[in-house]
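Enquirer: need the 3D shape of this:
(one chain, ligands or ions: 1)
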Amino acid sequence: MATNNFPKGFLWGGATAANQLEGAYQEGGKGLSLPDVLPGGKDRMKIIASPDFDFKINPDYVYPNHIGIDHYHHYKEDIALFAEMGFKCYRFSIAWSRIFPNGDEETPNEEGLKFYDAVIDECLKHDIEPVITISHYEMPLHLITEYGSWKNKKLIDFYERFARTVLTRYQDKVKYWMTFNEINSAAHFPIMGQGLTISNGAGDKKNVYQAWHNQFVASAKAVKIGHELNPDMKIGCMILYATTYSYDSNPKNQLASLQDNQANNFFCADVQVRGHYPAYTKSLLARQGVQLADIDYNDEELALLAQYPVDYIGFSYYMSSVVDVTHENQETTNGNLMGGVKNPFLKSSDWGWQIDPTGLRIALNQLSDRYQKPVFVVENGLGAVDKPDENHYVADDYRIDYLREHIEAISQAIDDGVDVMGYTPWGCIDLVSASTGEMSKRYGFIYVDEDDEGNGSFNRYKKKSFDWYKKVITTNGADL
Ligand code: BG6
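Expert: Next comes the predicted model:
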């Protein structure tokens, strides 16, 4: 299909997160962060979910985030490769513990800031617009061990200081920001975004809602700071979106999927975009055994939420999900920090995530209809096992097919009238997986020679998808 409806200035690019690619976990004055204590391997989430998980480095495990892909020392080479593909933008995050090593210091670590000065200047040198996630699954560890993480209101002040520092420093260089990566993922797994797991309170749902409330306030403060510094700044939320279907037309399943959508897809964005808690809040909390009276909030905070909603909706989209409450023993699937009932109409990735480009078109329409604000696909892609030949070349036609179909879906959504700002496929260069801590789950256009244990040359090689994506960008999506 030829698509030539992508608007001029469409932000084609790619996305990464500091903790998954930088490495250098103890260089430049960086403090330990949450991912530095997350073991690598398929059991990562199981280990974290254990009531004994103690947020300490255990010599029996491998910690792939410690080395990432050593982007800290390769950033110039990596950004040059992004530029060669023609990236208009590059989405990355700032490791909070490079700037405030413990999170509660009064003054920032200048060496950490200098690193991001260099990364941003390198992007600008290549005419690549930086798109920054302020917090992407990488809070300073000390804020968890000393303060109990996001359920503690003090975190609002610490985040505000961090956000003010980076927004101020980069106010003239960076226009596009997001406050928290996949803020709603805590509905499934509160560890990554909120620093909460069974061993420190995630079992009590009220802690998750308290943590969210604190994050909403922190996010609104960041929007306030950003807009006061530079009214042209665009500051978005970022949610994990899995288009969610009812298994069948049984009204019980229809109702369950509506409630699932409220709980998992919409709740956080409803607050961050509309500036107030949705009408269904009380009943949603009640379904999870939480009373409004359990949450510590005040009028001043609610006024902040109302006054400083986000400018756009950034979201990740990898898969769709199916809800069925009427059959027992349904086959289930894995997913992006979540699972669901298997959809008989869809194929799955090597990691069992269901591939559904039409679901992306639906997602774009649903988000646009609901919020009437621009939307930005800031993550999408296929995690797959790549098999390089003797020249380190990966013929990743499967990835090209996945991306092509999803770009076509975006094009169709644009025809549907959706205002789409851009597209930044996840892990544009191979990096450490968030859910499993593996290198072998690869998303990139660029192959990094490194295995799950962190061994390899760390050389970068262009995959087949590299040239394909370059062509897509050059033709502004007309030639897929
Ligand atoms: C999103 C995250 O959940 O999906 C990324 O924002 C993550 O950090 C991406 O890497 C893909 O997930 P995974 O588990 O395959 O790395």
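
Enquirer: contacts and neighbour counts: CA atoms only from here.
Expert: Noted.

Enquirer: the longest helix out of those in the chain: what's the following helix or strand?
Expert: The helix spanning the most residues in the chain, taking DSSP state H as the definition, is helix 205-229. On the C-terminal side of helix 205-229, the closest following helix or strand by DSSP states H and E is strand 234-240.

Enquirer: direction included, what does that next one pair against?
Expert: Taking DSSP bridges as the criterion, strand 234-240 sits next to strand 176-180 (parallel), strand 312-316 (parallel) in its sheet.

Enquirer: show the average pLDDT along that strand.
Expert: When pLDDT is averaged along strand 234-240, the result is 98.

Enquirer: for stretch 128-148, same thing?
Expert: Model confidence over stretch 128-148 averages 98 on the pLDDT scale.

Enquirer: cool, stretch 28-43 as well?
Expert: For stretch 28-43, the per-residue pLDDT values average out at 96.

Enquirer: just to revisit the earlier point, quick one: the longest helix of the chain to strand 176-180, angle?
Expert: Orientation of helix 205-229 against strand 176-180 (axes from the mean of the first three to the mean of the last three CA atoms, to 10 degrees) gives an angle of 160 degrees.

Enquirer: on that earlier part again, tabulate the strands paired with strand 234-240 (JSON lines), appending mean pLDDT, mean neighbour count and distance to Lys76.
Expert: As requested, the strands paired with strand 234-240 are exported to JSON lines (pLDDT from 0 to 100; neighbours: other CA atoms under 10 Å; distance: least, CA to CA, whole Å):
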{"stretch": "strand 176-180", "mean pLDDT": "98", "mean neighbour count": "24", "distance to Lys76": "21"}
{"stretch": "strand 312-316", "mean pLDDT": "98", "mean neighbour count": "25", "distance to Lys76": "26"}
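
Enquirer: low-confidence ranges, this protein, go.
Expert: Confidence mapping of the chain against pLDDT under 70 gives the ranges 1-3, 336-339.

Enquirer: enumerate every residue touching Leu304.
Expert: By CA atoms under 8 Å, 6 or more residues apart in numbering, the contact list for Leu304 reads 217, 220-221.

Enquirer: ok, which stretches of the stretch 1-150 of the chain are strands?
Expert: Counting by DSSP state E, counting those that start in this stretch, one finds strands in the stretch 1-150 of the chain at the ranges 11-15, 89-93, 129-135.

Enquirer: okay, now the sheet partners of the longest one, with direction.
Expert: Strand 129-135 has the following strand partners under DSSP bridges: strand 89-93 (parallel), strand 176-180 (parallel).

Enquirer: can you put these in CSV and add distance to the ligand?
Expert: Written out in CSV, the entries for those read as follows (distance: least, CA to the nearest ligand atom, whole Å):
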stretch, distance to the ligand
strand 89-93, 10
strand 176-180, 10
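
Enquirer: now do stretch 262-271: distance to the chain's middle.
Expert: 15 Å (CA atoms, centre = their mean, to the nearest Å).

Enquirer: as CSV, could you dump the C-alpha coordinates of it?
Expert: Included here for stretch 262-271 are C-alpha records, laid out as CSV according to Å, rounded to 0.1, in the frame of the first residue of the first chain:
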residue,chain,number,x,y,z
GLN,A,262,-10.9,2.0,32.5
ALA,A,263,-8.6,0.3,34.9
ASN,A,264,-5.7,-0.4,32.6
ASN,A,265,-5.7,1.9,29.6
PHE,A,266,-7.5,5.1,30.6
PHE,A,267,-7.4,5.9,34.3
CYS,A,268,-4.0,7.6,34.3
ALA,A,269,-4.4,9.5,31.1
ASP,A,270,-7.9,10.5,32.1
VAL,A,271,-6.4,12.4,35.0
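
Enquirer: before we move on, back to that, and of the strands paired with strand 234-240, who's closest to Ala286?
Expert: Among these, the nearest to Ala286 by CA to CA is strand 176-180 (25.6 Å).

Enquirer: so what touches that closest one?
Expert: Contact with strand 176-180 is made by 130-136, 193, 219, 222, 233-238, 314, as judged by CA under 8 Å, 6+ apart.

Enquirer: could you list which of these also contact the ligand?
Expert: Among the contacts of strand 176-180, proximity to the ligand is found for none (CA under 6 Å from any ligand atom).

Enquirer: now list the buried members of these.
Expert: 130-136, 193, 219, 222, 233-238, 314 (16 or more other CA atoms under 10 Å).

Enquirer: write out the residues of the protein neighbouring the ligand.
Expert: Proximity of the chain to the ligand (CA under 6 Å from any ligand atom) is limited to residues 336, 383, 433-436.

Enquirer: redo that, cut-off 5 Å
Expert: Applying CA under 5 Å from any ligand atom, we find that the chain lies next to the ligand at 433-435.

Enquirer: could you flag which of those are buried?
Expert: Buried subset of the residues of the chain next to the ligand (neighbour count, 16+ other CA under 10 Å): 433-435.

Enquirer: now the helices for the stretch 201-350 of the chain?
Expert: With DSSP state H, counting those that start in this stretch as the definition, the stretch 201-350 of the chain shows helices at residue ranges 205-229, 251-260, 267-274, 281-287, 299-307.

Enquirer: contacting residues around the second one?
Expert: To tie it back to what came earlier, the one meant is helix 251-260. Among residues not part of helix 251-260, those counted as contacts by CA under 8 Å, 6+ apart are 244-248, 284, 322-326.

Enquirer: and what of the fourth one?
Expert: Contacting residues not belonging to helix 281-287 are listed as 259, 262-263, 291-292 [CA under 8 Å, 6+ apart].

Enquirer: next: stretch 448-460.
Expert: 40-41, 62, 64, 67-70, 429-431, 438-440, 446-447, 461.

Enquirer: quick one: buried ones out of these?
Expert: The neighbour-count criterion (16+ other CA under 10 Å) marks 40-41, 62, 64, 67-70, 429-431, 438-440, 446-447, 461 among these as buried.

Enquirer: so can I have TSV of the buried ones among the residues of the chain next to the ligand showing distance to Gln354 and secondary structure?
Expert: Shown next, in TSV, are those (distance: CA to CA, whole Å; DSSP: H, G, I helix; E, B strand; the rest coil):
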residue	distance to Gln354	secondary structure
Ser433	17	coil
Ala434	18	coil
Ser435	16	coil
